[in-house]
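Asks: sequence first, then the predicted structure, then my questions.
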Amino acid sequence: MKTAVIGGGGFRTPTLHGCLVRVADRVGIDEIVLHDPDADRLATIGAVIAGLDRERGGTAVPLRTTTVLEDAVDGAGAVLTAIRVDGGEARTIDEEVPLSLGVLGQETVGPGGIVFALRTVPVMRAIADVVRERAPIAWFVNFTNPAGIVTQAVRDVLGERAVGICDSPAALCARVAAALGRSPHALAFDYAGLNHLGWLLAARTTDGEDALPGLLADDDRLARIEEARLFGSERLRALGAIPNEYLVYLDRAREITEAFRRDGARGAIVQAQQRAFFLEASPDAPADALAAWRRSRDARHGTYLA
């Protein structure tokens, strides 16, 4: 199965590529095609992936890049989309204009999210039109934010073969499992909501016992979960659930707005980090490109929700 990644020049693509390679035999992936309109970004990300492949001892899944959308999706069995229309510069504007008016500026929450959706939906629908023509039986898997709005718009074109996914709920479940000293695969999670608007309601063991109440009562274990820092342990105990991290933007909107106005919004920070990476990394030196990518990735993770 040919798998196309639209937005393949994006910073997170090497992580996604690694996931695809790991499941390639199980799901039948025999080619991965990265598409991006920016050939330079594609070349740099391709070098990072080449560095990762060398560390892994090579990969049996052929990889190629293209700037032509039709070439990328033609005959694909799966099309994954993770694009940012007009790049990080547009995200910075989306966030800073509301902040200048004293309103929360954030990528998917509030007016910044609405503007992001208005700019992104027409482009995503155009991509979906090409997929419908060139890969009519493909599964269309959308990562592009705001994921709910964008996926609904794409489903109007592609129907039920279009699905939207987000790693935020899974990351919350993984943090809870780690705090409980268990593998995520050893627990069954009850999660209510959609993408960034959701709550973890239960974490059931194999014998059906819900381990979440015990976790909420244990200050030491709870302190290992990022959401406890964001919302406070007493808030989580009062809820009897753990909110998705993005709900902090609604729960503490005024406080976070003041912090963003003082310290700068997330978009500007990420844009500066990624600009430095793409300037530093050389497409002709995979090992050096990989090292630069890891430094930038670690800096990104280290400042996330700080």
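Replies: Alright, I've got the coordinates. Numbers count the residues shown, from 1 in each chain.

Asks: can you map out the strands along this protein?
Replies: 2-6, 31-35, 63-66, 78-81, 139-142, 162-164, 188-194, 197-204, 242-243 (DSSP state E).

Asks: a markdown table for the ones you listed, including distance to I49 and mean neighbour count?
Replies: Using the backbone N, CA and C atoms, a C-beta is placed for each residue, glycine as well. Shown next, in a markdown table, are the strands of the chain (distance: least, C-beta to C-beta, whole Å; neighbours: other C-beta atoms under 10 Å):
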| stretch | distance to I49 | mean neighbour count |
| --- | --- | --- |
| strand 2-6 | 11 | 25 |
| strand 31-35 | 8 | 22 |
| strand 63-66 | 7 | 17 |
| strand 78-81 | 15 | 24 |
| strand 139-142 | 19 | 23 |
| strand 162-164 | 25 | 20 |
| strand 188-194 | 31 | 14 |
| strand 197-204 | 32 | 18 |
| strand 242-243 | 34 | 24 |
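
Asks: closest to S233 out of the ones you listed?
Replies: The closest of the strands of the chain to S233 is strand 242-243. By C-beta to C-beta, the value is 10.6 Å.

Asks: quick check: mean pLDDT across the closest one?
Replies: Mean pLDDT, strand 242-243: 96.

Asks: tell me what it is packed against?
Replies: Other elements packing on strand 242-243 under the criterion 3 or more C-beta pairs under 8 Å, 6 or more residues apart in numbering; DSSP states H and E are strand 197-204, helix 226-231.

Asks: and the gap between the residue with the largest distance to the centre of the chain and L200?
Replies: For the chain, the largest distance from the centre (C-alpha atoms, centre = their mean) belongs to D207, which lies 32.6 Å off. D207 sits 19 Å away from L200, going by C-beta to C-beta, to the nearest Å.

Asks: looking at the strands of the chain, which is nearest to E258?
Replies: strand 242-243 (20.8 Å).

Asks: how far does the closest one sit from the chain's center?
Replies: Remark: strand 242-243 is offset 19 Å from the chain centroid, using C-alpha atoms, centre = their mean, to the nearest Å.

Asks: what sits up against it?
Replies: Applying C-beta atoms under 8 Å, 6 or more residues apart in numbering, the contact partners of strand 242-243 are 172, 176, 198-200, 212, 216, 225, 227-228, 231, 236, 251.

Asks: all good on my end, thank you.
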